[in-house]
Every structure is written in C-alpha cells, then in structure tokens.
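> model the structure of this input:
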Amino acid sequence: AKYTGGDVRYYPNFHIQTSGLKLRNELQHVLTRVMGWEAVMRVRVSRGWKITKFYGHLFIRGADLLVVPNCHSDQTFAITFDMEENV
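Residues are numbered from 1 along each chain as shown. Predicted coordinates for the structure are as follows:
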C-alpha cells in the first residue's frame with residue numbers, strides 16, 4: 001500500500017455470513033470510485049514558513065513537488081510546516 005496508494009482492510013474472524021456483505025460493499029466501492037492517475041502536486045507556503053514533512057501515498061521529487069501515483073476522494077495527505085527562525 002505504501003507505493004501503490006492502495007488500501008489494506010482487516011476482517012478479524014472473517015465469516016461469510018457476518019462479514020460478507022461488508023466485504024462486498026467495500027470491494028465494490030474501491031473498484032468503482034473515480035480515480036486520478038499520475039498526479040503532480042506542488043505545495044507552496046508564504047514567506048517566513050517552511051515545509052518540514054509530507055505524509056501520504058506520494059513520492060517527494062523536490063522541496064515542494066510531489067508525485068501521486070493515483071488519487072481518489074477517500075485519500076488524504078498531511079503536511080507539517082514551521083516558521084523560519086529568521087522572521
């Protein structure tokens with residue numbers, strides 16, 4: 001899931017009678033949702049701020065340039081930033 005942006009699902013004590021409908025609905029959702037492929041995202045911050053870390057299924061190609069192999073409405077990204085010391 002780290003490199004593909006995929007999902008990992010866990011069904012403890014799976015039994016078709018109790019978890020089958022949930023599995024079917026989740027699988028249908030994953031296979032029919034709208035997807036974007038090979039996206040590029042640039043993150044910019046105002047003067048006096050700096051980006052410290054990116055989180056999510058993405059590859060960092062530069063200080064502010066990210067490559068996202070695939071993206072969809074269920075996916076999230078997080079960015080941490082901090083003030084520069086000389087402001």
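
> all helices of the chain, in order?
Here the chain has its helices, by DSSP state H, at 16-32.

> which stretches of it form strands?
36-42, 49-55, 59-60, 65-71, 78-83 (DSSP state E).

> now mean pLDDT, mean neighbour count and distance to F14 too, for these, in CSV please.
Using the backbone N, CA and C atoms, a C-beta is placed for each residue, glycine as well. Putting the strands of the chain into CSV (pLDDT from 0 to 100; neighbours: other CB atoms under 10 Å; distance: least, CB to CB, whole Å) gives the following:
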stretch, mean pLDDT, mean neighbour count, distance to F14
strand 36-42, 91, 11, 31
strand 49-55, 90, 12, 30
strand 59-60, 88, 12, 33
strand 65-71, 88, 16, 27
strand 78-83, 92, 11, 31
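
> I'd like to know which of the ones you listed is closest to L21.
With CB to CB, the closest approach to L21 among the strands of the chain belongs to strand 65-71: 26.7 Å.
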